[in-house]
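Peer 1: sharing a model prediction with you, sequence too.
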Amino acid sequence: MDPARLSSVPLFAPLSEHDRQRIAMWADEIEVPEGRRLATEGDFAYEFFVILDGTAEVTRDGETLAELGPDDFFGEIGLLESERRTANVTATSPMRAIVIFGPQFRYVEREMPELAQQIRAAIRDRISR
């Protein structure tokens with residue numbers, strides 16, 4: 001993945017060029033068709049996603065919890081808190097997304113405290129809902 005592309009993503013923009021280059025080594029950009037489920041409640045969590053383009057719906061027990069769009073991210077709760085997905089996430093339009101797999105994501109969390117703080121704040125907000 002091109003590190004320059006990460007500078008336009010609000011989650012990664014505040015990071016140093018060096019840190020964005022490290023994330024770019026671990027990240028892939030993927031195309032996701034409409035209707036594809038990216039996370040299934042109860043399944044083991046293996047990856048973290050940031051939406052670049054497109055939309056997704058977050059559901060639990062058939063109830064819509066959130067609509068996600070560009071710059072939103074998901075997958076962090078399962079990777080850092082529960083080991084399992086806490087909700088379903090399904091693409092509601094064609095999407096492009098950044099994906100980072102678990103071991104690299106946990107390294108990012110340990111080595112980049114400012115990014116970890118943003119992600120942990122999102123976890124607290126989502127768990128409180």
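Peer 2: Structure's in. What do you need? Numbers count the residues shown, from 1 in each chain.
Peer 1: for residue 27, give its distance to residue 106.
Peer 2: 14 Å (Cβ to Cβ, to the nearest Å). Where C-beta positions appear, they are placed from N, C-alpha and C, glycine not excepted.
Peer 1: who's more crowded, the two?
Peer 2: residue 27 (26 against 14; other Cβ atoms under 10 Å).
Peer 1: and that one, what does it touch?
Peer 2: By Cβ atoms under 8 Å, 6 or more residues apart in numbering, residue 27 lies in contact with 1, 6, 98, 99, 100, 104.
Peer 1: any idea how far residue 4 is from the fifth one?
Peer 2: Noted for residue 100: a distance of 17 Å to residue 4, by Cβ to Cβ.
Peer 1: show me which residues of stretch 9-16 are buried.
Peer 2: Burial within stretch 9-16, assessed by neighbour count using 16 or more other Cβ atoms under 10 Å, is assigned to 9, 11, 12, 15.
Peer 1: same question but for stretch 77-87, I mixed them up
Peer 2: Of all the residues in stretch 77-87, those buried under the rule 16+ other Cβ under 10 Å are 77, 78, 79, 80, 85, 86, 87.
Peer 1: for this structure, just list every one of the helices.
Peer 2: Using DSSP state H, the helices of the chain run over 3-6, 17-26, 76-77, 102-111, 113-128.
Peer 1: residues making contact with the shortest one?
Peer 2: Looking back up the chat, that one is helix 76-77. For helix 76-77, the surrounding residues in contact (Cβ under 8 Å, 6+ apart) are 45, 48, 86, 105, 119, 122, 123, 126, 127.
Peer 1: ok, the fifth one - how many residues close by?
Peer 2: Spelled out, that is residue 119. Using other Cβ under 10 Å, residue 119 is surrounded by 19 other residues.
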